[in-house]
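# Next one to model:
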Amino acid sequence: MKSIIPSALSAASLTLLLMSGCKKDDITSSNDTCADEKTLEVYQDVEAVAVNASGQLCFVVDADDIAKGQYEAQHFLVPIPAISFQGRTWGERAVISGRKKSCYGLVTFPSVRTMYGYKLELASVKYSK
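Residues are numbered from 1 along each chain as shown. Modelled structure (predicted):
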């Protein structure tokens, strides 16, 4: 019994030591990555589809995703200021113009712990009928 107690104390000490190494300041938020954002791509009348990220409208312009009908989160473009998805349909076709910025990590799903989505400075959107 005596040998179990020191082992348990050592494990607890090691756990506390490992946990203390992560400071809140070490975490990078989307605000930090957006401070010196750059334009990555310019879209002029590009085919896109509307997707819903927790009630927020996002667009996907990746041709492979559109062809498959499966939209990967890392391809989400997030209009800023935010636009509600209300009244839109998942996969609805649109033609958009705007600028994709280097700012990443603007939205998440409630069941996902990671942030995703590039900032989109949306100039125009025309939905297909």
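
# which non-adjacent residue is nearest the residue positioned nearest the centre of the chain?
For the chain, Y116 is the residue whose C-alpha lies nearest the centre (C-alpha atoms, centre = their mean; 1.3 Å). Nearest non-adjacent residue to Y116, counting by C-beta to C-beta, 6 or more residues apart in numbering: A73, 4.3 Å away. All C-beta atoms are positioned from the backbone trio N, CA, C, and that covers glycine.

# Likewise for Q74?
Distance criterion C-beta to C-beta, 6+ apart; nearest residue to Q74, sequence neighbours excluded, is Y116 at 5.8 Å.

# does the residue nearest to the centre of the chain really touch L77, like I thought?
No. Y116 is beyond contact range of L77, at 10.7 Å (criterion: C-beta atoms under 8 Å).

# Quickly list what's touching both of those two.
Common contact partners of Y116 and L77 (C-beta atoms under 8 Å, 6 or more residues apart in numbering): none.

# If the residue nearest to the centre of the chain is in a bridge, with which residues?
Beta bridges link Y116 to V107, judged by DSSP bridges.

# Would you map the helices across the chain?
4-20, 30-33, 63-68 (DSSP state H).
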